[in-house]
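Peer 1: my questions are about this predicted structure, shown below with the sequence.
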Amino acid sequence: MENQPLENLLEQYRKGDIEALGRLVDETRRPLYGFIVGMVRDPHQAEDLFQDVWIRAIKGLHRYQSDRLLSWLFRIARNRIIDISRKRKPDASLQQPIGGTDSSNTLESVLPNFDQGPERHTSNRELALRIQQAVHALPLEQREVYLMRTEAHMPFKQIAGIQNVSINTSLARMQYAIKHLREALADDYASLNSLSRTP
């Protein structure tokens with residue numbers, strides 16, 4: 001995603017073309033928002049953070065010297081996520097009892113299920129949820145590398161720069177992330193393989 005058109009749009013914005021900023025935000029939305037929502041797991045908070053990242057980027061544009069705009073935005077996002085996580089209370093679990101600790105009602109049991117489609121849609125949704133949970137369970141540094149790589153297709157050299165580590169450390173974190181995901185999703189992987197072999 002990191003390419004010359006982003007820099008061209010940025011230059012147009014610096015020269016006074018306000019519409020170029022809108023195009024810049026649109027061009028970076030998918031990878032940047034994907035990274036943020038993967039880190040915070042809350043679409044509303046992710047949207048707020050996405051906007052906050054751009055506000056901070058615009059205010060700090062005079063300090064931007066690089067030719068890697070997306071990397072710079074990811075670094076801002078990463079720093080904001082770290083700041084917020086230091087202040088945040090622990091997440092509530094969907095399996096947490098409500099109405100007292102001995103209650104059999106959980107948040108999950110009272111939330112409406114909007115997906116009333118066929119069973120395969122339910123199983124696909126459940127698999128997607130298990131994958132999201134497995135990604136969120138990764139150690140922070142591994143999750144960052146995994147999301148930057150999968151959401152933004154960012155080169156490991158840039159990921160290493162954002163995390164302020166060597167490229168070998170960045171590659172190792174990705175390998176550990178994949179190993180952890182394979183272990184966490186081993187049953188799903190086995191059942192998907194068995195389905196693919198069914199005639």
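Peer 2: Yep, that arrived.
Peer 1: and the helix or strand where Thr28 lies, what's buried?
Peer 2: For Thr28, the host element (DSSP states H and E) is helix 18-40. The neighbour-count criterion (16 or more other Cβ atoms under 10 Å) identifies 20-21, 23-25, 27-28, 31-40 as the buried residues of helix 18-40. (Glycine included, C-beta is placed from N, CA and C.)
Peer 1: quick check: mean pLDDT across that helix?
Peer 2: Averaged across helix 18-40, the pLDDT comes to 92.
Peer 1: next one: Ser85 from Asp188, what distance?
Peer 2: Plainly put, Ser85 is 28 Å away from Asp188 if you go by Cβ to Cβ, to the nearest Å.
Peer 1: the more surrounded of these two?
Peer 2: Taking other Cβ atoms under 10 Å, Ser85 and Asp188 do not tie; Asp188 has more neighbours (15 against 11).
Peer 1: I'd guessed the more buried one sits against Leu129; true?
Peer 2: No: with contact taken as Cβ atoms under 8 Å, Asp188 and Leu129 are classed as non-touching, separated by 10.9 Å.
Peer 1: can you give me the domain boundaries for this structure?
Peer 2: Residue ranges for each domain of the chain read 1-89, 119-199, as given by automatic domain parsing.
Peer 1: among these, show the one with the smallest mean pLDDT.
Peer 2: domain 119-199 (a mean of 83).
Peer 1: quick one: the helices in the chain?
Peer 2: In chain order, the chain shows helices spanning 4-14, 18-40, 43-59, 69-87, 107-110, 119-137, 140-152, 156-163, 167-184, 186-197, with DSSP state H as the criterion.
Peer 1: please identify the most buried of the ones you listed.
Peer 2: Mean neighbour count (mean count of other Cβ atoms under 10 Å) peaks for helix 140-152 among these, with a mean of 21.
Peer 1: before we move on, back to that, which neighbours do Asp188 and Leu129 have in common?
Peer 2: Residues touching both Asp188 and Leu129 (Cβ atoms under 8 Å, 6 or more residues apart in numbering): there are none.
Peer 1: show me the contacts for Tyr13.
Peer 2: Contacts of Tyr13 were listed using Cβ under 8 Å, 6+ apart, and they are Ala20, Leu21, Leu24.
Peer 1: wait, which of those is closest to Gln12?
Peer 2: Relative to Gln12, the closest of the contacts of Tyr13 is Ala20; by Cβ to Cβ it sits at 3.8 Å.
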